[in-house]
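>>> Generate coordinates for the sequence data below:
(one chain, ligands or ions: 1)
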Amino acid sequence: MRRVFFPDADGNPTDADHFLALLKLFAGSIECGDCLLWQGGTNANGAPKLYDTSARRLMWEAHHDRPLEPHELVTVTCEKVNCLHIEHLALTDKSAAAVLGNASLAVRARKSAACAKAARPFAKLDIAKVREMRARRATDTIDTLGAEFGVDRSLVARILRNESWRELASPFAGLMGTL
Ligand SMILES: [Zn+2]
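Below you'll find the model as predicted:
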């Protein structure tokens with residue numbers, strides 16, 4: 001519950017409460033570049049807390065001198081979760097916050113899909129396939145192996161020369177050519 005020092009007749013915080021909250025918020029923060037970074041308690045997500053209340057909400061209410069509606073959420077725009085600088089706080093609501101969250105999830109999904117695609121040439125091979133290629137070097141050509149395993153013939157050649165996918169620790173590495 002919010003601690004109210006000088007409530008009005010309806011129990012709402014007054015200018016004096018806002019002033020005291022501002023004093024405590026500034027006293028508990030350090031200026032860091034353009035940001036005002038809270039050094040006090042936080043919730044589990046690292047968002048600043050004062051008197052078990054969101055310090056972002058206290059800062060916003062004190063600055064704008066009006067209470068926030070429950071559906072109004074205060075978000076931080078500078079990506080520093082403990083920043084209380086009034087110019088880095090923005091009003092949002094649950095649906096806008098959800099859209100933002102979905103957007104960043106979609107971006108992450110696209111990025112990871114792009115990374116998976118980019119990494120695919122390297123994922124075509126594993127050590128079992130490399131051993132099979134080396135075992136078949138006497139009977140199959142580089143072109144045949146390359147086509148069958150879906151890799152470039154230059155990579156097949158490097159694998160057969162033990163320049164790629166080297167198996168230094170294998171006691172059988174030297175025997176491969178005789179199999
Ligand atoms: Zn900031």
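
>>> For Leu145, give me its contacts.
133, 136-137, 156 (CB atoms under 8 Å, 6 or more residues apart in numbering). Quick note: C-beta positions are derived from backbone N, CA and C, even for glycine.

>>> Would you show me how to pick out the buried ones of these in ChimeraX?
The ChimeraX selection below is limited to those of the contacts of Leu145 classed as buried (16 or more other CB atoms under 10 Å):
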select :133,137,156
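
>>> The ion: which of the contacts of Leu145 is nearest?
Using CB to the ion, Val156 is the member of the contacts of Leu145 that lies nearest the ion, at 53.9 Å.

>>> Check the secondary structure at the closest one for me.
At Val156 the chain is in helix, as set by DSSP: H, G, I helix; E, B strand; the rest coil.

>>> Tell me which helix or strand comes right after the helix or strand of the chain with the lowest mean pLDDT.
Here the helix or strand of the chain ranked lowest by mean pLDDT, DSSP states H and E is helix 94-123, holding a mean of 57. Using DSSP states H and E, the next helix or strand after helix 94-123 towards the C-terminus is helix 127-135.

>>> if we can go back for a sec, quick check: the two most widely separated of the contacts of Leu145?
Pairwise distances among the contacts of Leu145 were taken by CB to CB; the largest, 10.5 Å, belongs to Arg136 and Val156.

>>> For stretch 44-52, give the mean pLDDT please.
Stretch 44-52 carries an average pLDDT of 89.

>>> just stretch 9-17 next, same as before
Stretch 9-17 shows a mean pLDDT of 78.

>>> Now that stretch: buried residues?
For stretch 9-17, by 16+ other CB under 10 Å, it's 13, 17.

>>> Kindly report the same for stretch 78-95.
Of all the residues in stretch 78-95, those buried under the rule 16+ other CB under 10 Å are 78, 80, 82-85, 88-89, 92.

>>> give me the subset of these touching the ion.
Restricting the buried residues of stretch 78-95 to those near the ion by CB under 5 Å from the ion leaves 78, 80, 83, 85, 88.

>>> Next up, phi/psi of the fourth one, please.
Right, His85. Backbone torsions of His85, given as degrees, to the nearest 10, read phi -60, psi 130.

>>> contacting residues around the residue nearest to it when sequence neighbours are not counted?
Spatial nearest neighbour of His85, excluding adjacent residues (CB to CB, 6 or more residues apart in numbering): Leu36 at 4.2 Å. Each residue near Leu36 by CB under 8 Å, 6+ apart is listed here: 26, 29-30, 83-85, 88.

>>> Just the ones of the residues you listed in strands?
Among the contacts of Leu36, the ones falling in strands (DSSP state E) are 29-30.
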